[in-house]
Structures are given as structure tokens and as C-alpha cells.
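Novice: 3D model of this:
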Amino acid sequence: MLDVRNLHKQFGKNPALEEVSFQVGEGQVYGLLGHNGAGKSTTLGIILGMVEPDKGEATIDGVSVQKSRSTALRNVGAIFESPCFYEYLSGWENLRILSNYSGPFDKKATEEVVGKVGLTDRIGSKVTTYSHGMRQRLALAQSLLPMPKVLLLDEPTDGLDPEGIKWFRDFILGLRKELGMTVVFNSHQLSEVEQMCDRIAILKEGKRVFEGKVSSVAGDERIYEVDMDPWEEGMHFLELQGCRVIREGRISIPPKADPAILVAALVGIRVRVSAFSPMRRSLEDLYLEITK
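Specialist: Take a look at the predicted model:
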């Protein structure tokens with residue numbers, strides 16, 4: 001459904017993207033991860049035709065955004081950067097005006113979308129009275145008119161409370177289940193990305209440094225959470241046994257290593273071991289390994 005190939009973009013002397021490629025299948029939920037300035041928003045901007053790449057191309061359902069933007073984006077909805085509304089108008093009036101920019105206003109479809117995002121009771125209120133979470137829901141409603149095949153979201157959970165984040169997660173997974181919608185979004189909420197996404201790409205300084213299934217993140221590596229004192233002395237011994245530091249407090253041990261023997265050996269060299277527990281490798285572990 002979405003094919004991004006060899007994107008390169010330079011602002012001044014600094015490259016924002018360097019040969020970034022990835023593909024998103026129909027009905028997938030795909031996450032873009034990376035630190036601030038890694039190139040996530042630039043990538044979405046190119047997909048939406050709002051940023052012109054120096055090299056490369058993005059195609060949606062086989063149509064090039066760079067060659068035929070209006071056709072390519074016909075079935076795309078998006079929240080890009082901070083959504084803006086007419087503060088002195090109601091949520092309903094905003095949706096009516098903004099919908100008319102791209103086509104005729106459909107009252108019935110709008111009512112259905114407003115109900116989906118849970119704004120029916122407040123859609124007649126002025127936007128100036130909306131909370132941040134309500135504004136995000138209104139932006140989501142706008143992006144779903146008309147109901148697109150592809151939804152592109154730029155930091156959609158930024159600033160939301162835990163309840164709002166959970167609502168968003170359930171909503172997006174519901175869109176995929178009910179409508180087969182393809183969703184691409186970037187986020188700093190790693191736990192949410194891990195729960196929602198089928199595949200992810202991690203960008204670092206404009207380069208794609210990882211791409212793959214979220215289910216493959218755990219891998220076969222044996223990860224242990226370790227608390228010992230002194231840490232440096234204990235870790236020096238463990239590294240001699242083939243162990244590897246992921247970050248302080250978390251290590252990887254070799255496939256054939258026996259944790260009980262390692263703990264006994266640490267105690268034998270007078271390292272106090274308070275914890276040595278098996279852990280599932282998380283997306284956070286992978287992300288920190290790659291970005292640091």
C-alpha cells in the first residue's frame with residue numbers, strides 16, 4: 001500500500017534523510033521511531049507531498065506522490081504536526097469547512113465519524129473550549145473524512161494522558177480490524193508502538209538503522225536484569241564469560257551459560273548479587289541499543 005524508496009533530503013549542509021526505504025502492506029499498522037531530528041516528520045512530509053525530496057520517491061497504492069500528488073493522496077487521511085482549527089467556531093463547523101476544501105461535505109458520514117471518535121456530545125461546542133485530548137479527537141475525525149485507505153499520523157498521542165493513549169490505541173486497532181485500514185505513525189511512546197504495530201522502522205540521524213517485525217524484537221537473546229555491587233567488577237567477570245552489557249542493569253548471556261553458576265561465581269569473587277532475573281527483550285531495549 002505504501003512504498004518509500006531511497007528518500008534523500010538535505011536542509012542546508014545537514015542531511016535530514018539519507019537513502020531511507022521501507023514498505024507498508026495493506027492493513028498493517030507501521031511505526032516510525034527515532035529521536036527528535038531523526039527524520040520522522042520529514043519522511044511523513046514527503047509521503048504527504050508537503051516536502052519535496054532531493055532524491056527518491058513515495059508511492060501510495062501504486063501511485064507516485066511526487067508525480068501525481070492529488071491522485072496518490074485521494075485515499076489518504078493525515079494529522080501532520082500540530083492540527084489547527086478555527087477556535088471561535090464549533091467542532092462541527094470546523095469539520096464542515098475543512099471537508100469542503102477537498103470535496104463536498106457529507107453530513108451522514110461526518111456524524112458517523114464524530115460518533116466513532118467520541119465527540120458527539122461536544123461537537124457543537126466552540127473549539128476554544130476543547131481540552132487537548134478533544135482537539136486530538138477532532139483532528140482524528142478530520143483525517144477520517146472521507147474514510148481513507150491510509151492514515152498518516154504525526155505524534156498523535158503527544159500530550160495525552162494514559163487514558164487518552166489507551167483510547168487511541170484501541171481506536172487505531174479497531175480501524176484496522178473493522179476496515180482493514182493501513183496506518184503509519186511516529187511516536188515516542190515505545191510501549192504503545194510495541195502493542196500496536198506490526199512492523200517498525202527506527203531512524204537515526206536521517207538513516208534507517210532498523211526495520212522489521214515487532215514480534216521479532218525479542219529474538220533468541222537471553223536477557224537478564226542484574227543488580228550487583230560493585231557493578232564494574234562483576235561486569236568485568238561476566239564479560240570474560242561471554243556476557244554483554246545492554247545497558248546498566250541489563251545484560252545478555254551466552255546461549256549455553258548457566259545463570260546459577262554465574263551467580264555462584266560472582267559471589268565467590270565477593271560481588272554482592274541482589275538480582276539476576278530473566279527478562280523479555282523489549283522494544284525499548286532495542287531502541288536504546290540502536291540510538292545510543
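
Novice: show me where the stretch 51-200 of the chain has helices.
Specialist: 69-72, 91-100, 107-116, 132-143, 162-179, 190-196 (DSSP state H, counting those that start in this stretch).

Novice: reformat these as JSON lines; add mean pLDDT, mean neighbour count and distance to residue 61.
Specialist: Every residue, glycine included, has its C-beta placed from N, CA and C. Shown next, in JSON lines, are these (pLDDT from 0 to 100; neighbours: other C-beta atoms under 10 Å; distance: least, C-beta to C-beta, whole Å):
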{"stretch": "helix 69-72", "mean pLDDT": "93", "mean neighbour count": "15", "distance to residue 61": "8"}
{"stretch": "helix 91-100", "mean pLDDT": "93", "mean neighbour count": "18", "distance to residue 61": "22"}
{"stretch": "helix 107-116", "mean pLDDT": "93", "mean neighbour count": "15", "distance to residue 61": "21"}
{"stretch": "helix 132-143", "mean pLDDT": "92", "mean neighbour count": "21", "distance to residue 61": "17"}
{"stretch": "helix 162-179", "mean pLDDT": "90", "mean neighbour count": "15", "distance to residue 61": "15"}
{"stretch": "helix 190-196", "mean pLDDT": "87", "mean neighbour count": "18", "distance to residue 61": "22"}
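
Novice: so which of those helices is nearest residue 231?
Specialist: helix 190-196 (24.9 Å; C-beta to C-beta).

Novice: chain center to the closest one, what's the gap?
Specialist: From the chain centre to the centre of helix 190-196 is a distance of 8 Å (C-alpha atoms, centre = their mean, to the nearest Å).

Novice: stretch 90-101 too?
Specialist: 28 Å.

Novice: if we can go back for a sec, so which of the helices of the stretch 51-200 of the chain is nearest residue 240?
Specialist: Among those, helix 190-196 sits nearest to residue 240 (C-beta to C-beta), with 32.2 Å.

Novice: contacts for the closest one, please.
Specialist: 29, 31, 33, 157, 165, 168-169, 172-173, 187, 200, 214, 217, 282-284, 287 (C-beta atoms under 8 Å, 6 or more residues apart in numbering).
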